[in-house]
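Chemist: Pasting a predicted model and its sequence here:
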Amino acid sequence: MIAPEPVRVSQVVCHAVQFNAKHWRSQAMSSAVMPQAVGDLFHLLDQRGIDYVLVGGIALLSYVEGRNTEDIDLIVAVASLDKLPEITLTSQDIYFARGQFHGLQIDFLLTSNPLFEQVGRRHTTVQRFDEREITTATVEGLLLLKLYALPSLYREGNFARVGLYENDVATLLYYYQPDQEAILSELASHLSASDLAEVWAILAEIGQRIQRFGNHDRA
């Protein structure tokens with residue numbers, strides 16, 4: 001697959017907000033303000049010496065086209081949050097935190113979770129975005145995070161997010177054909193036996209879908 005053109009992070013987030021009907025009656029961030037906010041965020045992270053990895057929908061867009069997302073997702077250490085008082089935390093638990101910075105929503109995946117720490121340590125690369133170069137999760141890293149989350153999303157009955165994540169997984173598998181056995185082997189120590197079996201089933205179903213698409217494409 002030919003890599004997409006460098007993504008403009010501020011444009012992706014701004015368009016997602018503007019096209020979300022929930023924000024139509026509120027004061028959505030303007031396209032004029034967003035680039036400054038995104039630039040200020042990454043400048044702040046660099047200035048404070050924060051080790052971070054970009055994940056989520058923005059990271060996905062560096063590999064495939066068409067994803068839409070309103071927030072910026074970052075893997076960081078818990079201690080890093082104390083170095084960023086400019087970011088107003090709106091929620092936090094043992095593995096996740098959410099904050100606001102100049103109108104930007106930021107979701108933090110904390111390295112207190114062993115899988116998040118592992119992705120941040122072993123599955124990163126530097127991707128060129130329109131604004132700057134950003135340390136970003138690899139295809140394998142994104143797949144680990146998506147597959148890890150799916151069993152919990154099924155239990156929660158979060159149909160919309162399940163569909164989104166499964167489509168992300170299918171798209172990455174179709175275009176990049178990573179080593180699925182290696183990914184499952186890495187996941188095994190982070191999921192229960194039942195959750196790992198469910199991930200196997202999800203991947204088998206996605207594999208059948210990809211095969212049907214391939215057969216149709218060759219017809």
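Modeler: It's in.
Chemist: Would you list the phi and psi of the nearest residue to residue 117 once chain neighbours are set aside?
Modeler: Excluding the flanking residues, the one nearest residue 117 by CB to CB, 6 or more residues apart in numbering is residue 111, at 3.9 Å. In this view, the C-beta of every residue, glycine as well, is placed from N, C-alpha and C. The phi/psi pair for residue 111 (degrees, to the nearest 10) reads phi -70, psi 0.
Chemist: who touches residue 111 in this structure?
Modeler: Residues near residue 111 by CB atoms under 8 Å, 6 or more residues apart in numbering: 75, 76, 77, 78, 117, 120.
Chemist: isn't the fourth one right next to residue 109, touching?
Modeler: It refers to residue 78. No. Using CB atoms under 8 Å, residue 78 is not in contact with residue 109, being 10.8 Å away.
Chemist: Looking at these two, which is more packed in?
Modeler: residue 109 (24 against 14; other CB atoms under 10 Å).
Chemist: isn't residue 90 right up against residue 96?
Modeler: No. In terms of CB under 8 Å, residue 90 does not count as a neighbour of residue 96; the distance is 11.4 Å.
Chemist: Quick check: what element follows the worst-scoring helix or strand of the chain on mean pLDDT along the chain?
Modeler: Ranked by mean pLDDT, DSSP states H and E, the helix or strand of the chain with the weakest confidence is helix 9-18, at a mean of 54. Next helix or strand after helix 9-18 toward the C-terminus (DSSP states H and E): helix 34-47.
Chemist: What residues sit buried inside the helix or strand where residue 165 lies?
Modeler: When elements are assigned from DSSP H and E, residue 165 belongs to helix 159-176. If you call a residue buried by 16 or more other CB atoms under 10 Å, then helix 159-176 has these buried ones: 162, 164, 165, 166, 168, 169, 170, 171, 172, 173, 174.
Chemist: and if you look at stretch 192-204?
Modeler: 195, 196, 198, 199, 202, 203.
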